[in-house]
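Trainee: any chance you could fold what I've pasted below:
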Amino acid sequence: MLKQNLSSAKSSQQGAVILEALIAIVIFSMGILALVGLQAAMLQNTTNSKFRADASYIAQQRLGRMWADPANAATYVTSNSSLAPALPGGLLSITQAAAGSTQFRVNVGWTAPGEAALTAAASPCAMAVAHCFTTTANIAGG
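Mentor: As a prediction, this is how the structure comes out:
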């Protein structure tokens, strides 16, 4: 009788280890997929951050040139100049608030690979780009 009880207990437990192993593999796989997704998001955010930093650097560099030569600041005014080597799909636009004004606005726009550019009318910086960095400065003197 004891042998029969042990035998029936064994048969009711058959396959439990395999089932537990399969469940563990599924849980582990979900964790790995979550880490891969997190890695992809981190890479995208890092790339976007680099583009923003580059745009800021370009804008500040142009303003620095204008501050170094305030008498000719109006000659730096440009519209939709290409910044392709520095930024993907990059465009630079420098505008003066009004003729003779000391206020200048620098717009740096870019479109990351795989993104769709907005139309110039829909873009906040009036350029056909997906992203825009804008800064304004007063260049007095000269």
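Trainee: helix or strand: which one has the residue nearest the centre of the chain?
Mentor: The residue lying closest to the centre of the chain (C-alpha atoms, centre = their mean) is Asn48, at 2.0 Å. Using DSSP states H and E, Asn48 sits within helix 16-68.
Trainee: next, count neighbours for the closest residue to the residue nearest to the centre of the chain other than its chain neighbours.
Mentor: Once flanking residues are discounted, Asn48 sits nearest to Ala112: 7.0 Å by C-beta to C-beta, 6 or more residues apart in numbering. Heads up, the C-betas are built off the backbone N, CA and C, glycines and all. Neighbour count of Ala112, defined by other C-beta atoms under 10 Å: 16.
Trainee: helix, strand, or coil at Ala112?
Mentor: coil (DSSP: H, G, I helix; E, B strand; the rest coil).
Trainee: correct me, but it touches Arg52?
Mentor: No. Contact between Ala112 and Arg52 fails when scored by C-beta atoms under 8 Å: they sit 10.7 Å apart.
Trainee: which residues sit against stretch 134-142?
Mentor: For stretch 134-142, the surrounding residues in contact (C-beta atoms under 8 Å, 6 or more residues apart in numbering) are 56, 59-60, 63, 66-67, 69-73, 102-108, 124-125.
Trainee: from these, which would you call buried?
Mentor: Burial by neighbour count, judged by 16 or more other C-beta atoms under 10 Å, picks out Ala59, Leu63, Met66, Ala73, Thr102, Phe104, Arg105, Val106, Asn107, Val108, Cys125 from these.
Trainee: okay if I get these as JSON lines plus distance to Ala41, pLDDT and secondary structure?
Mentor: Below are those laid out as JSON lines (distance: C-beta to C-beta, whole Å; pLDDT from 0 to 100; DSSP: H, G, I helix; E, B strand; the rest coil):
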{"residue": "Ala59", "distance to Ala41": "27", "pLDDT": "94", "secondary structure": "helix"}
{"residue": "Leu63", "distance to Ala41": "33", "pLDDT": "93", "secondary structure": "helix"}
{"residue": "Met66", "distance to Ala41": "38", "pLDDT": "92", "secondary structure": "helix"}
{"residue": "Ala73", "distance to Ala41": "42", "pLDDT": "86", "secondary structure": "helix"}
{"residue": "Thr102", "distance to Ala41": "43", "pLDDT": "89", "secondary structure": "coil"}
{"residue": "Phe104", "distance to Ala41": "37", "pLDDT": "93", "secondary structure": "strand"}
{"residue": "Arg105", "distance to Ala41": "33", "pLDDT": "93", "secondary structure": "strand"}
{"residue": "Val106", "distance to Ala41": "30", "pLDDT": "94", "secondary structure": "strand"}
{"residue": "Asn107", "distance to Ala41": "28", "pLDDT": "93", "secondary structure": "strand"}
{"residue": "Val108", "distance to Ala41": "25", "pLDDT": "94", "secondary structure": "strand"}
{"residue": "Cys125", "distance to Ala41": "26", "pLDDT": "80", "secondary structure": "coil"}
